[in-house]
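> Have a look at this fold, sequence not included:
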């Protein structure tokens, strides 16, 4: 048994040494044949022409909103009467979209906090968006909605794609209000 393992090990070492010293350097193995020169050229041209931040600014303008920068570096814009924040980075293909203060209630209302906590957990389990709350300096608890999604020029109909993401926020806020009211009526 020991001799078999020794012979197998010697064979593997000799085979790898042979491949290392006799391998053709001009041969580039690729299981899928693609013409990378044109693809790389197109990708580099696209990356050079527009950054994620500039793409976001252009798309926001195309949906009829006026983007502005906040002090924190977010892109702020209004869509259907609601102010959204978008966090972008030039070297990242994803953006964060935030609807701050979509719902609020008094931090002294323990029953409402229990209802909202249950509904927020149920919404977060679905995984479409992230809903979270924060306690403010005033007597309110603010509910926020956040979504991280891909935002690249290769997406067809980018304006419709952004509108779809924004629509997800409106549906989530509506679900939040309806489910909190259902919990209130069940008590």
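Cool, the structure landed. Bear in mind that the values here come from a model prediction, so they are computed numbers and not experimental data. Numbers count the residues shown, from 1 in each chain.

> where in the protein is pLDDT low?
Scanning the chain with the threshold set as pLDDT under 70 gives 1-5, 17-49.

> Please, where are all the strands along it?
For the chain, applying DSSP state E gives strands covering 68-69, 75-79, 82-87, 94-106, 130-135, 140-150.

> Out of those, flag the one nearest residue 51.
Proximity to residue 51, assessed across the strands of the chain by Cβ to Cβ, is greatest for strand 94-106 (11.6 Å). Glycine gets a C-beta too; all of them are placed from N, C-alpha and C.

> Just the buried residues of stretch 65-78, please?
65, 67, 74-77 (16 or more other Cβ atoms under 10 Å).

> So what's the gap between that stretch and the chain middle?
How far stretch 65-78 lies from its chain's middle: 18 Å, per Cα atoms, centre = their mean, to the nearest Å.

> Likewise for stretch 64-78?
On Cα atoms, centre = their mean, the centre of stretch 64-78 falls 18 Å from that of its chain.

> Name the pair among the buried residues of stretch 65-78 with the greatest separation in space.
Largest separation among the buried residues of stretch 65-78 by Cβ to Cβ: 65 and 74, giving 13.9 Å.

> In contact with the nearest residue to residue 60 once chain neighbours are set aside, which residues are there?
Among residues not flanking residue 60 along the chain, residue 67 sits closest, at 4.5 Å (Cβ to Cβ, 6 or more residues apart in numbering). The contact partners of residue 67, by Cβ atoms under 8 Å, 6 or more residues apart in numbering, come to 56-57, 60-61, 75-77, 86.

> same check, this time on residue 103
Residues counted as contacts of residue 103 (Cβ under 8 Å, 6+ apart) are 116, 142-143, 173, 176-177, 180.

> how close does it sit to residue 74?
20 Å (Cβ to Cβ, to the nearest Å).

> One more: residue 6?
Counting by Cβ to Cβ, the separation of residue 6 from residue 74 is 65 Å.

> Next, please give the residue ranges for the helices of the chain.
Ranges of helices in the chain, per DSSP state H, are 2-22, 36-49, 52-62, 110-126, 158-186.

> What are the contacting residues of the shortest one?
Under the contact criterion Cβ under 8 Å, 6+ apart, helix 52-62 has outside partners 50, 66-67, 75, 77, 86, 88-93, 95, 151-153, 158-159, 162.

> Kindly recompute the last result at 10 Å.
By Cβ atoms under 10 Å, 6 or more residues apart in numbering, the residues outside helix 52-62 that reach it are 49-51, 65-69, 73, 75-79, 84, 86-95, 97, 151-153, 155, 158-159, 161-163.

> follow-up on the earlier one: so what does the residue nearest to residue 60 have for phi and psi?
Phi and psi for residue 67, reported as degrees, to the nearest 10, are phi -80, psi 140.

> all numbers from here: first residue = 517
Noted, 517 is the first residue going forward, which turns the last one into residue 583.

> Show me which positions of stretch 649-663 end up buried.
For stretch 649-663, a neighbour-count test (16+ other Cβ under 10 Å) marks 649, 656-663 as buried.
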